[in-house]
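1. pasting a predicted model and its sequence here:
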Amino acid sequence: MASQDIAVKPSTDALFSGSSRNSRRNMGQFIRWALLFGGGILMIMPIVFMVSTSLKFPFEVYNLNLIPEEPTIENYTYVLEDGRFYRWFVNSLVISIVTTASAVFFDALVGYALCKFRFPGRYLVFIAILSTLMIPTEMLVIPWYLMSKSFGWLDTYWGIMFPGVMTAFGTFLMKQFFETVPDDFLEAARIDGLNEFQIWWQVAMPLVRPALAALAIFVFLGNWTAFIWPLIVTNSVEMYTLPVGLSSFGDEVDVAWELIMTGAAISTLPTLVVFLIFQRFIIRGVVMAGLKG
Amino acid sequence: MRFYNNLTISQKQIVWAWIFLALPVLFYVVIRFYPTANAFVLSFQEWNLLGDRKYVGLENYAKLFSDPVFWKVFKNTFLYLILGTPISLVLSFIIAYHLDKVRFMHGTIRALYFLPFMTSAVAMAWVWRWFYQPVPIGVFNNFLASFGISQIEFLSSTTNALPSVLACAVWAGLGFQVIIFMAGLRAIPQSYYEAARIDGVSTWTVLSEITIPLLKPTIVFLVVFSSIGFLRIFDQVFNMTTNNPGGPLNSTKPLVLLIYDTAFNGFNMGYAAAQTVVLFTILLVVSLIQLRLLKDS
């Protein structure tokens, strides 16, 4: 560990010599640590303020103390009993889970087919799917809206979900990861008499499990926080997702900040809790998806 | 089944490939390619959702380019890009560079920076909106007031509103960039640094001659990724300026919000489609220019 430290900061050795060297270095290292830590605390202040305010009574909201003098969960019971947030939470959860399951399944299916099968048109299909990454969602929302309108998909779960049931990004990511699965494994399974679907599902899929999980996290987070399309496709309050529901309070003249913060906390805390539990894994997944994708 | 059994192995592969791909290919054609073509076609038409679609040639584009609101929005969109991308890249590089050298509580500090990335933009837009309110509500102004500093108008001022909205967007994206930068830094072989140490090279030289050049692929990826993000900014603007989205006086309105307004408040579908084609072109050109510039130099 120590030798690595020196290797990372070469110049300190050249600048400082003698007995003061170590103390000067430690001092510098401490300042670096303190600034980074302070910056990190600042980074989470919006989240801390949100949670703290959601636990306050209205009279205390304008106090900027972080720990409420009289903590209460009344805002949460009020917001959840009101029914709207409960419904939006369920909507968001159902939509995110179904879309994630679908996207992971199909992206892996397509990625595998493009990686492991030799067939005419393979390159064309791959380029075609990859090229859709260049098309911004914002360009598609108008045609999607017109399509949903004529098929009666407006204001339905399917209407919210259909654009995301497969993703080009995930397909590309999974194709990259299936490259690491040796063809010999698949050949052996073929000799054992498995059909191609079974080979994919029983042999190849377990080998790319970390990639599947990373993709699932990305897709889930994307759907949980998705805003512009659910905003367009829903119009009844019961069909809103959490972000759309939260956004709908913007029209109110008198904002009850403690209730808004409670709603914001309800829509943020689930992903934060998941992150805190699977922190290492998620960060590795983000790097994997970011660099390979 | 007998037909299948008579096929050669490579023919069987072709059959299986298309079994795997049938539904997905249908999806990409119907949900991606057809709508893209539809958007282009619609951009040459006039349609308010009720009557018939009417071809108007380039009229939508002519109207757009002579509309002062569009040019205001165009300027705003590029302001988000030109301010947002360098600020977030420099900040995240500084954080990643130093965090890479810290061992004590490394994982915890990394988590603190990454946490905002896991939040919902709409929820956090509300939190920042609250922070920006005037006294007695807003956190920032209360903080200033406690030091006797006069109030700052954040979201209600035409000059401050855009940077205020941008700050929230930069904050939310920073953690991702830090993580990617750290992965890039880790990928640089230690032997380069050891060689530099033996030669007694200064920190700055190491940074400019070793670290940054070797980080080029990471930097290219992050510049393109974050530029696309800032050019498409919508959630934060829509939710921090809800009483008058894009306000005050269009001073925060980005292109995506203009598209949303034109299509779903004004129901000028053709005109909105023309705006999406412009957005598409901007994204394409900016990405290509950046890839070219950063790969060559």
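-> Now that the structure is in, tell me what you want to look at. Residues are numbered from 1 along each chain as shown, chains lettered A, B, ... in the order given.
2. return the helix or strand in chain A with minimum mean pLDDT.
-> helix A:2-8 (a mean of 41; mean pLDDT, DSSP states H and E).
3. run the chain-centre distance for the longest helix along chain B.
-> Determined from DSSP state H, the single longest helix within chain B is helix B:68-99. Between the centre of helix B:68-99 and the centre of its host chain there is 9 Å, according to CA atoms, centre = their mean, to the nearest Å.
4. so which elements touch it?
-> Helix B:68-99 sits against helix A:20-54, helix B:106-114, helix B:161-186, helix B:216-231, helix B:255-264, helix B:269-296, with contacts defined as 3 or more CB pairs under 8 Å, 6 or more residues apart in numbering or on different chains; DSSP states H and E. Placement of C-beta: from N, CA and C, glycine included.
5. hmm, 10 Å instead?
-> For helix B:68-99, the packing partners by 3 or more CB pairs under 10 Å, 6 or more residues apart in numbering or on different chains; DSSP states H and E come out as helix A:20-54, helix B:59-65, helix B:106-114, helix B:161-186, helix B:216-231, helix B:235-240, helix B:255-264, helix B:269-296.
6. now the fourth one: average pLDDT?
-> Spelled out, that is helix B:161-186. On average, the pLDDT along helix B:161-186 is 93.
7. now the longest one
-> Along helix A:20-54, the predicted confidence averages to a pLDDT of 89.
8. buried residues in that helix, which are they?
-> A:25, A:29, A:33, A:36-37, A:39-40, A:43-44, A:46-47, A:49-54 (16 or more other CB atoms under 10 Å in any protein chain shown).
9. kindly report the same for the second one.
-> Residues B:59, B:60, B:61, B:63, B:64 are the ones in helix B:59-65 that count as buried (16+ other CB under 10 Å).
10. quick check: the farthest pair among those residues?
-> Pairwise distances across the buried residues of helix B:59-65 peak at 9.5 Å for B:59 and B:64 (criterion: CB to CB).
11. touching both of these two, which residues are there?
-> Residues touching both residue B:59 and residue B:64 (CB atoms under 10 Å, 6 or more residues apart in numbering or on different chains): B:271, B:274.
12. most centrally placed residue in chain A?
-> residue A:221 (2.6 Å; CA atoms, centre = their mean).
13. tell me who's in contact with it.
-> A:96, A:100, A:271, A:274, A:275, A:282, A:286, B:117, B:118, B:119, B:120.
14. quick one: list the elements packing against whichever strand or helix holds residue A:160.
-> Using DSSP states H and E, residue A:160 falls within helix A:157-161. Judged by 3+ CB pairs under 10 Å, 6+ apart, the packing partners of helix A:157-161 are helix A:84-116, helix A:137-151, helix A:228-233.
15. against residue A:108, how distant is the spatially closest residue to residue B:173 that is not a sequence neighbour?
-> Distance criterion CB to CB, 6 or more residues apart in numbering or on different chains; nearest residue to residue B:173, sequence neighbours excluded, is residue B:88 at 5.9 Å. Separation of residue B:88 from residue A:108 (CB to CB, to the nearest Å): 32 Å.
16. where does chain B have low pLDDT?
-> B:1-2, B:242-243, B:296-297 (pLDDT under 70).
17. look up how far residue B:247 lies from the most centrally placed residue in it.
-> Geometric centre of chain B, nearest residue: residue B:229, 0.5 Å, by CA atoms, centre = their mean. Separation of residue B:229 from residue B:247 (CB to CB): 22 Å.
18. one more: residue B:66?
-> From residue B:66 to residue B:247 the distance is 23 Å (CB to CB).
19. more neighbours: those two, which one.
-> Set residue B:66 next to residue B:247 and count neighbours by other CB atoms under 10 Å in any protein chain shown: residue B:247 wins out with 17 against 9.
20. SS state for the more buried one?
-> Following DSSP: H, G, I helix; E, B strand; the rest coil, the label given to residue B:247 is coil.
21. and the closest residue to it other than its chain neighbours, how many neighbours does it have?
-> The shortest distance from residue B:247 to any non-neighbouring residue, by CB to CB, 6+ apart, is to residue B:241 (5.3 Å). Residues lying near residue B:241 (other CB under 10 Å) number 24.
22. verify the stated contact: residue B:241 with residue B:235.
-> No: at 11.6 Å, residue B:241 does not count as touching residue B:235 under the criterion of CB atoms under 10 Å.
23. who's in contact with residue 228?
-> As the question left the chain open, I've gone with chain A. Residue A:228 neighbours (CB under 10 Å, 6+ apart): A:137-138, A:141, A:243-244, B:232, B:234-235, B:238, B:256-257, B:259-260.
24. that's the wrong chain, I meant chain B
-> So, once contact is read as CB under 10 Å, 6+ apart, residue B:228 ends up touching A:134, A:136, B:81, B:85, B:282, B:283, B:286, B:287, B:290.
25. change it to 6 Å
-> residue B:283 (CB atoms under 6 Å, 6 or more residues apart in numbering or on different chains).
26. state the distance from it to residue B:283.
-> Taking CB to CB, one finds residue B:228 at 6 Å from residue B:283.
27. residue contacts, residue B:262?
-> B:268, B:271, B:272.
28. which non-adjacent residue is nearest it?
-> Counting by CB to CB, 6+ apart, the residue nearest residue B:262 is residue B:272, at 4.0 Å.
29. how about residue A:291?
-> Spatial nearest neighbour of residue A:291, chain neighbours left out: residue B:183 (6.3 Å); criterion: CB to CB, 6+ apart.
30. pretty sure that neighbour contacts residue A:287?
-> Yes: if you go by CB atoms under 6 Å, residue B:183 and residue A:287 touch, sitting 4.4 Å apart.
31. closest one to chain A out of the contacts of residue B:262, please.
-> Of all the contacts of residue B:262, chain A sits closest to residue B:272, with 5.8 Å by CB to the nearest CB.
32. tell me how many other residues surround the closest one.
-> By other CB under 10 Å, neighbour count at residue B:272 equals 26.
33. residues in contact with it?
-> Contacts of residue B:272 (CB under 6 Å, 6+ apart): A:142, B:259, B:262, B:263.
34. check those residues and tell me the two furthest apart.
-> A:142 and B:262 (9.4 Å).
35. hang on, the earlier thing: what does the helix holding residue A:160 rub up against?
-> Under CB under 6 Å, 6+ apart, the answer for helix A:157-161 is A:95, A:99, A:148, A:153, A:230, A:233.
36. hmm, the third one is touching residue A:162, no?
-> Meaning residue A:148. No: here residue A:148 does not reach residue A:162: they are 7.9 Å apart, not a contact under CB under 6 Å.
37. quickly list what's touching both of the two.
-> Common neighbours of residue A:148 and residue A:162 (CB under 6 Å, 6+ apart) do not exist.
38. what residues does the stretch 51-200 of chain B have near chain A?
-> B:98-99, B:101-102, B:104, B:109, B:111-113, B:115, B:118-123, B:126-127, B:130, B:136, B:142, B:179-180, B:183, B:190, B:193-194, B:196-197, B:200 (CB under 6 Å from any CB of the partner chain).
39. which of those residues are buried?
-> Neighbour-count burial (16+ other CB under 10 Å) applied to these gives B:99, B:101-102, B:109, B:111-113, B:115, B:118-123, B:126-127, B:130, B:142, B:179-180, B:183, B:193, B:196-197.
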